[in-house]
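Chemist: no FASTA, just this:
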């Protein structure tokens with residue numbers, strides 16, 4: 001499997017990344033460990049998690065469970081060298097983590113220590129901020145996003161403090177690189193500027209939602225990503241399963257994400273189903289599996305670092321792995337562009 005270097009971090013990761021957010025709710029410990037083993041055998045060396053996982057639902061009883069499951073697999077470091085491990089600081093509003101305290105020098109050290117304990121490791125390869133302190137337009141908040149209440153002086157002070165705290169962790173050896181998540185183009189460039197100015201860790205990657213149905217990254221963020229050398233780690237590349245086609249015509253399979261979260265986090269709209277129908281037609285016309293087509297399309301984008309996918313069954317995992325060597329023909333890419341123009345923002 002192809003590997004790429006994340007920015008200036010020196011971290012070399014596989015083109016596909018194994019997501020873990022269902023481990024501990026929809027998946028058992030044994031199932032999670034089997035997924036890791038299979039992914040590694042297929043050439044994946046990258047696992048993404050977060051201190052708040054698992055989801056569906058997020059609760060005080062389950063928070064941190066996914067990191068613990070990964071820690072059990074790591075077996076006190078005996079297999080640590082086989083994986084690049086990414087996790088996240090939850091940030092403001094996650095009441096089950098530090099009573100919802102925002103990202104700060106005080107919470108960074110505490111959050112890093114908690115993740116290290118649960119993961120049973122001495123270091124985290126990529127430490128990410130799950131949400132910006134100042135807010136985000138991700139997860140359908142773009143429709144009424146209003147940044148007019150932000151104060152540059154506050155943001156600047158926060159970034160300087162946070163980067164100093166991250167640099168202290170780098171020097172301690174607890175983290176190797178720093179990443180963003182759910183960030184904007186302005187936020188990405190500002191973090192990069194502050195890091196250069198004060199010598200903190202450079203931004204290695206940005207983890208945002210990206211799929212055939214969610215292409216907010218394609219303009220300003222794509223430009224910022226390429227110019228600042230901060231590649232995208234795409235989450236929800238199958239749009240919570242919509243792009244597999246399994247929810248068409250009103251279907252809600254047992255145990256699926258839609259059976260647990262009816263609106264799929266705001267993705268379930270009539271326009272989304274119409275767009276999916278267009279992509280399914282392309283896949284059928286060219287004899288492609290629609291999920292593999294969607295994943296391969298993401299992987300081929302010029303700003304892509306790694307495509308994060310999750311699976312709740314080994315069958316789903318095998319299906320996703322089938323995209324690893326898939327290169328889409330020019331005519332397929334042209335037809336995908338045509339469907340995108342017809343259905344540009346379906347949710």
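Modeler: Received, thanks. None of the values given here were measured: they were computed from a predicted structure.
Chemist: what's next to whichever strand or helix holds residue 333, contact-wise?
Modeler: Assignment of secondary structure by DSSP states H and E places residue 333 within helix 330-342. When contacts are taken as Cβ atoms under 8 Å, 6 or more residues apart in numbering, the neighbours of helix 330-342 outside the stretch itself are 212, 215, 275, 278-279, 282, 285-286, 288, 293, 297, 300, 328. Heads up, the C-betas are built off the backbone N, CA and C, glycines and all.
Chemist: out of those residues, which are buried?
Modeler: Listed as buried from these are 212, 215, 275, 278-279, 282, 288, 293, 297, 328; burial here means 16 or more other Cβ atoms under 10 Å.
Chemist: closest to residue 196 out of those?
Modeler: Residue 196 lies nearest to residue 215 out of these, by Cβ to Cβ, at 28.9 Å.
Chemist: distance of that closest one relative to residue 187?
Modeler: Residue 215 sits 19 Å away from residue 187, going by Cβ to Cβ, to the nearest Å.
Chemist: what does residue 172 give?
Modeler: In this structure, residue 172 lies at 26 Å from residue 187, with Cβ to Cβ as the measure.
Chemist: same deal with residue 143?
Modeler: Computed as Cβ to Cβ, the residue 143 to residue 187 distance reads 19 Å.
Chemist: neighbour count winner among these two?
Modeler: residue 187 (22 against 9; other Cβ atoms under 10 Å).
Chemist: wait, the more buried one touches residue 194, no?
Modeler: No - under the criterion of Cβ atoms under 8 Å, residue 187 is not in contact with residue 194, lying 10.7 Å apart.
Chemist: can you name every helix or strand that the stretch of helix or strand residue 88 belongs to contacts?
Modeler: In this structure, residue 88 sits in strand 84-89 according to DSSP H and E. With contacts defined as 3 or more Cβ pairs under 8 Å, 6 or more residues apart in numbering; DSSP states H and E, strand 84-89 has these neighbours: strand 46-48, helix 105-119, strand 124-129.
Chemist: can you list the strands that that strand pairs with?
Modeler: According to DSSP bridges, strand 84-89 has the following sheet partners: strand 46-48 (parallel), strand 124-129 (parallel).
Chemist: so which of these is nearest residue 247?
Modeler: Of all the strands paired with strand 84-89, the one in closest proximity to residue 247, counting by Cβ to Cβ, is strand 46-48 (24.1 Å).
Chemist: just the element for the nearest residue to residue 228 once chain neighbours are set aside, please.
Modeler: The spatially closest residue to residue 228, leaving aside those adjacent along the chain, is residue 192, at 4.7 Å (Cβ to Cβ, 6 or more residues apart in numbering). For residue 192, the host element (DSSP H and E) is helix 185-198.
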